[in-house]
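J.: Have a look; sequence and predicted model below, questions after that.
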Amino acid sequence: VPIEISIPATLTLLPDGSMLGGGFTVYVAVGNTQGALSTTFRQPNAVRIPAAEEKEFRATPLVFTATLTIRPGENLLSVGVVDQVSKTAGFARKTIVAK
């Protein structure tokens, strides 16, 4: 099942010479109606952009895509995203049905 996670472009970026740097980590877990839970997928992502491009960077959300292998039936998808610099976190849950 393909998933797409939209992350606000409010990510904290720190100056590093003429560049800005930061990052975010995405956490994904899937559970089913019987209470079984997958292992948690963790994907750190570095962000490094020229300081002059910050305005463009902030104009659109970041998009993280992945493909999940899940069992047929109703599943509960849990997603967390953590800003690696500020440690600000966001969480979401969604029920998905796989055939």
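T.: Yep, it's here.

J.: What segments of this protein are strands?
T.: 2-7, 14-16, 19-32, 41-50, 62-67, 73-83, 89-98 (DSSP state E).

J.: got those strands as CSV, with mean neighbour count and distance to Glu56 columns?
T.: (C-beta placed from N, C-alpha, C; glycine too.) Below are the strands of the chain laid out as CSV (neighbours: other C-beta atoms under 10 Å; distance: least, C-beta to C-beta, whole Å):
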stretch, mean neighbour count, distance to Glu56
strand 2-7, 13, 16
strand 14-16, 10, 17
strand 19-32, 17, 12
strand 41-50, 12, 9
strand 62-67, 12, 13
strand 73-83, 17, 19
strand 89-98, 12, 22
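
J.: could I get these as CSV with mean pLDDT?
T.: Listed next are the strands of the chain as CSV, based on pLDDT from 0 to 100:
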stretch, mean pLDDT
strand 2-7, 93
strand 14-16, 96
strand 19-32, 95
strand 41-50, 96
strand 62-67, 94
strand 73-83, 94
strand 89-98, 93
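
J.: number of nearby residues for the residue lying closest to Pro8 once chain neighbours are set aside?
T.: Of all residues not flanking Pro8 in the chain, Pro61 sits nearest, at 5.7 Å (C-beta to C-beta, 6 or more residues apart in numbering). Residues near Pro61, counting by other C-beta atoms under 10 Å, number 13.

J.: Much appreciated, bye for now.
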